[in-house]
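Peer 1: predicted model and sequence follow; I will ask about them next.
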Amino acid sequence: MITLLRSVAFSLAFYTGSLFFVLAALLWGKVVPSAVLPIAAGWSRYHRRCARWLLGQKVQIVGDLPIGPYLYIAKHESMFETIDIITLFNRPVIAAKRELFDLPLWGAVARNYGLIPIERAAGASAMRTLRSAAQAALAQGRPLCIFPEGTRVPHGEAPPLRAGFAGLYSLLGLPVVPIAIDSGRVSPRGKFLKRSGIITYKVGEIVPAGLDRREAERRVHAAINALNPPSALIQ
């Protein structure tokens, strides 16, 4: 019953508050486009506070998160990190599936913020678009973050990385910072009920640029699944 009440309170507070932030971003964004970035950051912090005080979810970071010209690759288990990553980094540019940009109101804000739409079926053209947007983000000093699994996966599962990671790794020539996340333990994908607990970001060892595709994928896959059972990893 407590879990249900917490989840209801979170949904009411977060989604009502989100409407305020989205409308503020739409209105201010037309007058001062740069205002979208701090508004988005405020929205992310609001989400973390709602999760902390209404759901009882705390965040901990294990390891040092380096800041610089890196490609940040993160595990994706729930909606939590999709929003919280804006608090984790300073003005990050995030690659997201194209369908999200069609959502009313939110889609327009996402474009103004600088999120990169990924058309999964576009193949080589999608990679060119991603590379161009990634280079523009890096030129502005904004960190580039990608969820290489392509969608949220249940905690404990470790699907292969999508081909887009290897292509971007090769094209950009950047070292990779892999980040494991276990948010799915307390906020399972597609579930209304969210439990209290600790959500961990575990920063893995930096994967240097220039490795062959198989080795780079092996290292990144192992690192982002470091909080999963060992049996889930690809050998």
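Peer 2: Arrived safely.
Peer 1: so residue 82 sits in a helix?
Peer 2: Yes - under DSSP: H, G, I helix; E, B strand; the rest coil, residue 82 sits within a helix.
Peer 1: check what pLDDT residue 7 gets.
Peer 2: Per-residue pLDDT puts residue 7 at 97.
Peer 1: need the contact list for it.
Peer 2: 55, 192-194 (Cβ atoms under 8 Å, 6 or more residues apart in numbering). C-beta: built from backbone N, CA, C; applies to glycine.
Peer 1: that one is in what secondary structure piece?
Peer 2: For residue 7, the host element (DSSP states H and E) is helix 2-31.
Peer 1: any of the contacts of residue 7 buried? List them.
Peer 2: The neighbour-count test (16 or more other Cβ atoms under 10 Å) marks 55, 194 as buried among those.
Peer 1: just the element for the nearest residue to residue 66 once chain neighbours are set aside, please.
Peer 2: Distance criterion Cβ to Cβ, 6 or more residues apart in numbering; nearest residue to residue 66, sequence neighbours excluded, is residue 177 at 6.0 Å. Using DSSP H and E, residue 177 falls within strand 176-181.
Peer 1: which other helices and strands contact that strand?
Peer 2: Here strand 176-181 touches strand 71-74, strand 197-203, helix 213-224, going by 3 or more Cβ pairs under 8 Å, 6 or more residues apart in numbering; DSSP states H and E.
Peer 1: of the contacts of residue 7, closest to residue 76?
Peer 2: Ranked by distance to residue 76 (Cβ to Cβ), the contacts of residue 7 are led by residue 194 at 16.4 Å.
Peer 1: low-confidence ranges, the chain, go.
Peer 2: 119-126, 230-235 (pLDDT under 70).
Peer 1: recalculate using a threshold of 50.
Peer 2: 232-235 (pLDDT under 50).
Peer 1: centroid-nearest residue for it?
Peer 2: Central residue of the chain (Cα atoms, centre = their mean): residue 82, 3.9 Å from the mean position.
Peer 1: from residue 218, how far out is that one?
Peer 2: Distance of residue 82 to residue 218, computed by Cβ to Cβ, to the nearest Å: 26 Å.
Peer 1: can you check residue 72 too?
Peer 2: Distance, residue 72 to residue 218, by Cβ to Cβ: 18 Å.
Peer 1: same question for residue 144.
Peer 2: 21 Å.
Peer 1: the more surrounded of the two?
Peer 2: Between residue 144 and residue 218, counting by other Cβ atoms under 10 Å, residue 144 is the more crowded of the two (25 against 17).
Peer 1: thought residue 71 was touching the more buried one, still the case?
Peer 2: Yes - the criterion here is Cβ atoms under 8 Å, and residue 144 meets it with residue 71 at 5.8 Å.
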